[in-house]
Each structure stands twice: as C-alpha cells, then as structure tokens.
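Novice: coordinates for the following, if possible.
(chains A and B)
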Amino acid sequence: MKSAVIVFPGSNCDRDMAVALTKITGNKPLMVWHQETDFDTVDFIALPGGFSYGDYLRCGAMSAKSNIMKEVIRRAEDGVPIFGVCNGFQVLTETGLLPGALMRNANLSFVCKDVKMTVANNDTMFTADYAEDEEILIPVAHHDGNYFADENTLDTLEGEGQVAFRYNEDINGAQRAIAGITNKRGNILGMMPHPERMIEPALGGSDGRKLFTSVMNRLS
Amino acid sequence: MNDIKITPEIVKEHGLTEAEYDRIVSAMGREPNYTELGIYSVMWSEHCSYKSSRFHLKKLPTEAPWVICGPGENAGVIDIGDGQAVIFKMESHNHPSYIEPYQGAATGVGGILRDVFTMGARPVANMNALRFGEPSHPKTKHLLAGVVEGIGGYGNCVGVPTVGGETNFDPSYNGNILVNAMTVGLADKDKIFYSAAAGVGNPVVYVGSKTGRDGIHGATMASAEFTEDSEEKRPTVQVGDPFTEKLLIEACLELMATDAIIAIQDMGAAGLTSSSVEMASKGGVGFELNLDKVPQREANMTPYEMCLSESQERMLMVLKPGREEMAQAIFEKWELDFAVIGEITDTGKLTLTFGGDIVGDMPIASLVEDAPEYERPYTPTPTRPTADVPAVNDLNKAVMDMVGGPHLCSRRWIWEQYDHMVMGDTIGRPGGDAAVVRVHGTDKALAISTDVSPRYCFANPVEGGRQAVAETWRNITAVGGMPLAITNCLNFGNPERKDIMGQFVGCLEGMGEACRALDYPIVSGNVSLYNETNGSGILPTPAIGGVGILKNADARATINFKAEGDTILLIGETKDELGASLYQKQLLGEDSGMPPHVDLTIERRNGDFVRALIENGQVSTCHDLSDGGLIAGLADMAIAGSMGASVTLNDDQPLHVSLFSETQARYLISADDATAEDIRREAKDAGIPVTILGKTGGKCLNVNDGTIDIAMSDLTSAHRDWMPNFMKNAS
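Specialist: Predicted coordinates for the structure are as follows:
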C-alpha cells in the first residue's frame, strides 16, 4: 500500500503517522508539504495530528484552505481513502469533507490519556478487521475534540452507519460520545483518538494496528 | 534616549550598586550612555553573570569519560554510544510564573527547548519540577492551574512530550513559586553546534520572531527580591508562541543538516544583548550590529528596547560567507524572519549602530569577564539535634491521610494535561519512578527524573544536596537505567543573607560529594537566587534533573504489581530516620531533627544490585522509597497494580518507624516465589540487606495481620481524587 502524509506548518504527529505506516504497511509514506499542489498517485492519504498554524483562528481552519487540500479534496472525490487524526479530523470538518465541528473540550482542559472506545461500525474500509462492537484502547491528546453537529446530522450519521467509533465514557463532551465518523461514501474517516500511537505493546497496546490493516486488506 | 543623563537613581533602577557602576566606568574609560548602561545591567545581573554563585559552582564535578560538553554552553552534552549524544538542561522561570502563571511557565518551556535545539539536538522529552505554596493559600489553585496549562499549552503545541516531573506544596513558596523546566534532546555526536563566533567579516544573522517590547528587563527582575507590588511588573513577562517555536526547531534542524552554520545561540534572558556578547566573547571577536536591520514588531523601538527585549522564539547565528541565500530560503519556507544584522569584527567590541549613529560601543571582555564575582559571606546551617518522633494513634488514618493527601496523591490531574506520548517513543509514562523514552529507531531508551527534597535541604543542606542527586540516581536505577549525568536548577533565597548563602554552599557541597561518589557529573545548570517575598525565603531547592540510559529498553521495571501471589522484597535497611520526614511534617505539624543520612557507598551498592536484577530480566516490578517511606511505596505499587498486598514488618523497631522512616537507598521489588528466593540469596551473598515482606494480592493493604487494614478501593480513590477535588473551580 502506497500512502502519503500531508505536513502542515505545526503538524507534529506527522512522524508518528509515518512510523506507523512504515511499520504496518512495509512502505515509507510520501511526506507532502502543504504548499505542494500535486503529488504522486497513492492508495491512502493521512492528515496527521498536531497544531497546524498553531490552532490560530480555529483548529484546522487555515490548513483547510491550503494549496494541498484542494488536491486532497479532488482525490477524496475520486474515492481515495482519506484518514484524518485529531488535527487531521479538524481539517476534514473545516473543509466540509466531513460534517459537524470540533469544539473546545467541555471542561476546557487539554486531555491526554488512554481511552476505552467501541467500534460502532465494523463494516467500513477502516474498521473491517475489528469485531462488531469491539472494545479497544486508544489514546487521545486534544484540547478541541468535543464533536458537535445538529440533531438531524447526528441522526443521519447514526442512521447511515457513519459513526465509526464511540467513547465508552465522557471524554470531552462530544455529542453522542462520537470519537470518529466517516463520510457517506465511506472513503473518509476522521477521528480524535490516535491509533498510530497504539501499534506495539511497548507503547501500551496494539489496538490501533487493525485500523491500518483494515485499509490494507481492502485495497489488496 | 541616549541623551538621558545617568543619575544614581537610574543606576539603582537598573539593579546595579554604586561600586558596580564605578567598575563599568573604569572598564569603559568613560560614562556609559543609557543603552550601554542597560546592556551592562543585564550582563552583570545575577541571572546572567552568576556573580554570587560562580565561585562555588566551580567546585562541582563536571567531567566523566562520557561527557562531551559540560557547563558553559547552552546545555550539557553526553555520549550515549553508537554515534549519538544526549543534550539537556534545566532552567527556572520562577518570577515570571508567579506574576503571570500561564505565560511564565509557557515561555520557561520555550526557553529551555531553544537551549537544547540550538546545539543541534531534536528535543525528545520535557520534564519539570514545580513548587507551590500550601494548598490552603488563596493563590495556590490559580497558580497551579495556570502553570500546568502554560506548560501544556507550549509543549503540546510544539509536539515534544512532557513525560514527567514533580510537584510539591509548602508554605515557603506562598509568595514565590518555582517553575523549573527541563528539556532532553538527541543529536548525532559529530553534529553538535556551539556558540563561539569566528571569522572576521562573517555575517551575523537574526532568525525567528520579530522583536517587540515584551520582557524588557526580565533578567533584572529575576535577580531581585519580590515585594507586594511585583505584580506591577506583569508587562515584563514575555509572551510565548509555540507555533513559531515549532517552525524554528524545524528550520534550524534543516539548516543544521547543511554545513552553513559556524555558531548559533538562542536569544534567551537579555535577548539580543546576551546572545551576541556570549558568542563574541567565546570566539574572542567583536560584533558590529546594525539595529535598523533587526526585524521589529512595533514601531519606533529604541536601541535600548531592542537590545533588552526578551521577545521569544529568536536565534542568532554566524554563517559561513556565501551561505546566506540558501539559509534564507529555508527560513522563508518555514515562514520565519531572516535578517543579516551585522558582521564579525576584530575590534573586540560590541558596536551598535542605529540611524547611522553609533549608539553603543563596549569592550566585550568587560561585559563578560569584568562582571563582578562575589565570594559572599555565609554561615553554615547549624546542625540540628536529633528528634524523637512519636507514633500517632491511628495508623490506618495516617496512611490514608498521607497517600490521599496533597504530598503523595496522584499527579494524574497534572500530567493528563500534557501530551506525554507524542513522538511515539514514551514507553515509561508519568507516574513511575523515572520517565522512559526510547532513543528513536533503536533498542535503547533514556530514563529521566527530576527530584529534590527541600525539607531535607532546609534541615541540613549538605545531606539535602546529597539526597537530591542520589534520588534522581535511584529513580533512574529503579526503572533499570544506568544514571549518566545531571543538570540542575539551584533555587535559593537572597544570597546577600549569610544564612541563605550557607544553605547554598552546603547544598552544593552535598551535591558535589554525591556526583563524585556516583560517577554522575553535572553537565549544565542554572541558578535562581532572590527567591524571596517581603524578606521571607523559600526552602532551599536545588532541583536535580538526571539522565540515564537503558541499553535494552525491553529490560525495564515499572512500579505496578504484576501478579497476585508474588513475593514482595525490601532491598536495603530501614533505620529510625523520621527527622524532617513527611510523616513528621504532615501528621505532627513539626519539622525537627536530622534528615535521613545518605551513605553514598551503600546507595551505589544497593542501586547497582537492583539495576542488575532488572537488566538480567529477574525483576520487572520495582519502586524506590522516598517521601512517606515504605508504606507509601507499597501503596503506590498496589494502587498502580490494582491489587492489594499483605506484609509483615518485624524489624525490631516501632511500627510507625518501619512504616514511615525515610531511610535512603531502599527499593521495593516483587517477583514470583522462586525468583524472589534467588534474589534473597544473591543479596545475602553480596552483603546487601534484604527482607521478604509478604505477598501481593487481595483487596486490602494489610500490615502485620490487620494492624493496618485498608480496602484498596478506598486507598485508590483517596489517592486518585485529592487533586481533582482540590482543583475543582480553580480559576
């Protein structure tokens, strides 16, 4: 599987994502700078975590307008799998590729810890290797992970099976405990937790691996 | 502004004594102008010149075969093999953090990060050592909340994990909190960058953020006692921008991968002034700077303001001639300012021009070498008589109060606000004895710990100094690391007071002894004096940051009990040492007697034994004993392992001594029965005191058949909940 990691000024989980992709897929991803307008054809595009543009204005808002995102949006429309983690998820909602918004955590504090969550839909290209309703442990590290959308949107997300992951406890005040969602077509996933940080026992567990292997298996 | 006539009042406002001013006049051969006076005042401030401490700092051991660079550069450098080096330092940001906790703490983190990456290292871990006033003080919550948010706000955004630290409360910090931040970085041994400028005519380059009016005279503020109106100094606190810092790290490391840089130095305290003076001084050259070229954030800045601004996220470099264009392209890619602001001269002077006029012209040597050095008078801290520390009536309550109280409770509320996992190499997270961070892409790992016990330093500075160094050594050992070197942050009161200077001298003596005995040299550090408010000094607090290495990251220990039915062993001997203990202070409200004695031979022997057990895979559960003694250590291990323990203490001492004594060089370990028996035999053969205490498991913490019997559910919730409950409704 050939993948790309988009790097914005202030991205800081780009290396972590590259390490996870390299370890799991066996191929080093292409690192793509935000000012680029085009890059090689890849099977998978990751938007990493971090504080692109310092979270100034609104998390992800400035990155969403960058040169490279025009190309990412075009490829998303072509069906290329797009995966946004944390700040990457925020960028995806800011571009409109995913519905809703990520607001400041309900208790207003940054939170970094391992979180138990449930695979709410294992019938997606990103979650197929997980069991139905599997409980997994993945860390979060964010200040703005409080997922918000209006009731209609939330009902639609649930009705269409677009809620991919749900927290098992209240972490940040997210509506309906939503931790990650896909678009309707199913080729875009955004999530606040960091599966790339849970890929080997030394880091506290391996529950993040199946997300990457699901995509690999789907593509092969 | 240079038209301003220098009066004795102006000299005093700059924190200079009359004698120091006379010294400036004789060094220059004339009266300084206003800008020059400002520059001298910061270069000769306690913060920059170490004028009260230098004489004693020289006595500390700074060498070992693995030390590549000791004190004197931006940070210390040690060799960890395989062509790699670790670069680290700790620094204080006490005064600004008291005045404006968020920005004070945030810029403390930013400053120490720059000290480390300016030498060519990628920062891989942040640590801290924090001290606040008593919990009941009206400002404590506000300061704790702000400092933690500031440390997180900066470190999280920059993307360097904050992997651990320590937090204490004591009334002596009510009006003067301590915020000490440490950064550890990794570099290739043959790609280390130093600050000595060289090459007459070579360009002097300014990169990073623009210069504003923030932080003017921060170094002078950090060199004076606090008074009640100190909060009026809020405008001198700098404002940090971690996003720019992240860009600056990446841009500097990208440029460092080329061969363009001759010398580089961050602009820290006293900003452009101290960085250019230090670079020129180390290289034995002069600098001519055109202040019109300095990137400015505000209009109409004067030379005085530009020279003394402490705006953050700025660096100064000397480049090889002809490399400016290539370097500029890198900084433009990262959207940072880049300006050639001057060149190296052979005059030996710092010459400043502005609007075509020379506005400052000072001999570099005099700014650095002529700075006063004081051998301040001191009185050694009197030796205390030994104390008789009685038992309390209810030992169950005593354990609950301590484990579930401000001093020993879980610090989770703090470190969950720090991204401690970014960079994907944190394998020993906060909450253990030392943080463990993998050396990226290798089987090795770094073990890092920050410690000091100010109670001990106050009771007996020599013993306290020894203990601070020994405790980091022990914490690194307890995870399986080989301790290599330390950095320090020496926080004391007013050195012009003989008793305070006595504390300083005593602590340094103890630290030096411990460093020598443990082959654990000091490679960098920082001194913060005048930590007093309205004449009342803080407890002497020489915070130590230790770094060690695990050759095999898989062979390490954590504090949590792993399995029910394992045998619990105590390595080391428990003596009647309750003087200056947490038990005495917290439960009896007293502080008397001698602190525990640190026998460095025993420290080393016991530690080497425990480390070998971890390295050879016999032990993966280990915890050193410190504040609160054996029962506190046992409680930590049980809580972390989500299981109880049953032990028997029959060492012929009163039970409260066995439980709470803070005798040094002790470790608790647990292992299966057969391994435990092997360890017991090996310890005996090696002449190391070893006691089998009991077993892990069950739902209670049980001592001596029910003399203490506490449900783990109660103990765990008390330990977990104290701080979140305390911090509810903090502003």
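Novice: residue 4: neighbour count?
Specialist: By default, I'm working from chain A. 24 (other CB atoms under 10 Å in any protein chain shown). In short, each C-beta sits where N, CA and C put it, glycine included.
Novice: you answered for a different chain; I wanted chain B.
Specialist: By other CB under 10 Å, neighbour count at residue B:4 equals 12.
Novice: any idea how far it is from residue B:354?
Specialist: 15 Å (CB to CB, to the nearest Å).
Novice: ditto for residue B:12
Specialist: Taking CB to CB as the measure, residue B:12 falls 26 Å from residue B:354.
Novice: quick one: pLDDT of residue 97?
Specialist: Unless you meant another one, I'm taking chain A. At residue A:97, the model reports a pLDDT of 98.
Novice: sorry, should have said chain B
Specialist: pLDDT for residue B:97: 96.
Novice: now swap in residue B:224 and tell me
Specialist: 64.
Novice: and residue B:45, by the same measure?
Specialist: Turning to residue B:45, the model gives it a pLDDT of 89.
Novice: how near is it to residue B:398?
Specialist: For residue B:45 relative to residue B:398 (CB to CB), the value is 47 Å.
Novice: could you check which of these two is surrounded by more residues?
Specialist: For the pair residue B:45 and residue B:398, the greater number of neighbours falls to residue B:45 (26 against 20), based on other CB under 10 Å.
Novice: near chain B, which residues of chain A?
Specialist: Neighbours of chain B within chain A, by CB under 8 Å from any CB of the partner chain: A:9-10, A:12-13, A:15-16, A:19-20, A:49-51, A:53-56, A:109-113, A:139, A:141, A:143, A:194, A:196-197, A:202-204.
Novice: for residue B:394, the count of nearby residues, please.
Specialist: Other residues near residue B:394 come to 11 when the count uses other CB under 10 Å.
Novice: got phi/psi on it?
Specialist: phi -110, psi 100 (degrees, to the nearest 10).
Novice: quick check: chain neighbours aside, which residue is closest to residue B:471?
Specialist: Spatially, and ignoring its direct neighbours in sequence, residue B:471 is nearest to residue B:451 (4.1 Å; CB to CB, 6 or more residues apart in numbering or on different chains).
Novice: let me fix that, I meant to ask about residue A:61.
Specialist: Closest residue to residue A:61 apart from its sequence neighbours, by CB to CB, 6+ apart: residue A:94 at 5.1 Å.
Novice: which element follows the one helix or strand that neighbour maps to toward the C-terminus?
Specialist: Assigned by DSSP states H and E, residue A:94 belongs to helix A:87-95. Using DSSP H and E, the helix or strand that follows helix A:87-95 towards the C-terminus is strand A:101-103.
Novice: which element follows that following strand toward the C-terminus?
Specialist: strand A:111-119.
Novice: could you spell out the sheet neighbours of that next one, each with its direction?
Specialist: strand A:135-142 (antiparallel), strand A:163-167 (antiparallel) (DSSP bridges).
Novice: what does the shortest one contact?
Specialist: Counting contacts by CB atoms under 8 Å, 6 or more residues apart in numbering or on different chains, the residues outside strand A:163-167 that touch it are A:115-121, A:124, A:126-127, A:157, A:174, A:176-182, A:189, A:191, A:193.
Novice: now, these that are in strands?
Specialist: Among the contacts of strand A:163-167, the members falling in strands (DSSP state E) are A:115, A:116, A:117, A:118, A:119, A:178, A:179, A:180, A:181, A:182, A:189, A:191.
Novice: taking these together, which two end up most distant?
Specialist: Distances among the ones in strands among the contacts of strand A:163-167 were taken as CB to CB; the most separated pair is A:116 and A:182, at 20.7 Å.
Novice: would you mind measuring from the residue nearest to residue B:471 to chain A?
Specialist: 23 Å (CB to the nearest CB, to the nearest Å).
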